[in-house]
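S.K.: structure, please.
(2 chains)
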Amino acid sequence: TQLLEQSPQFLSIQEGENLTVYCNSSSVFSSLQWYRQEPGEGPVLLVTVVTGGEVKKLKRLTFQFGDARKDSSLHITAAQPGDTGLYLCAGEETSGSRLTFGEGTQLTVNP
Amino acid sequence: KAGVTQTPRYLIKTRGQQVTLSCSPISGHRSVSWYQQTPGQGLQFLFEYFSETQRNKGNFPGRFSGRQFSNSRSEMNVSTLELGDSALYLCASSRGLAGELEKQYFGPGTRLTVL
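M.R.: Numbers count the residues shown, from 1 in each chain, chains lettered A, B, ... in the order given. This next block holds a predicted model:
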């Protein structure tokens, strides 16, 4: 089983600050997905990165897939209270639809 | 299009009992995956069903089982419940086309508490 490590586990920042969340593995994934989960809800897909070195932007969120497809980062610029939530990275194993999830980063943005 | 629905949303059981959770996928989706989410372990893959057949399986004991019906609805059963089975159980649906990168849509989960 391939493992994904996320850091930090918890992050509490003030509105307007920037932050970066990391997702690392010693294994290669065919793709990596980032989700956000709010209390009482299931995870919602934010982005999927497929190509090594790929960078995708979603408004104030920037996602990068490492060149070797073993790691990824999520950078949020000028965080807002609405960004509060649990951010999860998930790697798709080459064998199919099985996803391996990191433990998540609980982000709190204080107004 | 209606999203993934899970019932019940909350469940309280005692040790030794069994429980059945239900998941209705998005219309047209044939793949249903189940995950267990706990604070200590994060989201862990239980199994995936596609066209009434288990296609993938995670590393959970045999007390955890599932099935899928011809209408793609899926049920998950846990027998002889243990305290450690307390968790949020999530199901996710997708079209399930092999070899294609697909978006999985998650339901809101069933919160199971074992006393």
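
S.K.: residues in chain A within reach of chain B, list them.
M.R.: By C-beta under 8 Å from any C-beta of the partner chain, the residues of chain A that approach chain B are A:1, A:30-31, A:35, A:40-45, A:48, A:50, A:88, A:90, A:92, A:95-104. (C-beta placed from N, C-alpha, C; glycine too.)

S.K.: contacts only, for the closest residue to A:Tyr87 other than its chain neighbours.
M.R.: Closest residue in space to A:Tyr87, ignoring its immediate chain neighbours: A:Thr105 at 4.7 Å, by C-beta to C-beta, 6 or more residues apart in numbering or on different chains. By C-beta atoms under 8 Å, 6 or more residues apart in numbering or on different chains, the contact set of A:Thr105 is A:6-11, A:21, A:86-88.

S.K.: give me the pLDDT for B:Leu101.
M.R.: With respect to pLDDT, B:Leu101 scores 64.

S.K.: circling back to that earlier point, buried subset of the contacts of A:Thr105?
M.R.: For those, a burial check counting by 16 or more other C-beta atoms under 10 Å in any protein chain shown picks out A:6, A:11, A:21, A:86-88.

S.K.: between the contacts of A:Thr105, which is nearest chain B?
M.R.: Distance to chain B, by C-beta to the nearest C-beta, is smallest for A:Leu88 among the contacts of A:Thr105, at 6.7 Å.

S.K.: sheet partners, orientation included, of the helix or strand harbouring the closest one?
M.R.: Element membership of A:Leu88, judged by DSSP states H and E, is strand A:85-92. Strand A:85-92 has the following strand partners under DSSP bridges: strand A:31-37 (antiparallel), strand A:99-101 (antiparallel), strand A:105-110 (antiparallel).

S.K.: so what touches it?
M.R.: Contact with strand A:85-92 is made by A:2, A:4, A:6, A:21, A:23, A:25, A:27, A:29-38, A:43, A:72, A:74, A:98-102, A:104-107, B:42-43, B:101, as judged by C-beta under 8 Å, 6+ apart.

S.K.: so how far is A:Ile13 from A:Leu19?
M.R.: Counting by C-beta to C-beta, to the nearest Å, the separation of A:Leu19 from A:Ile13 is 6 Å.

S.K.: so what's in contact with those two at the same time?
M.R.: Counting by C-beta under 8 Å, 6+ apart, the common neighbours of A:Leu19 and A:Ile13 are A:79, A:107.
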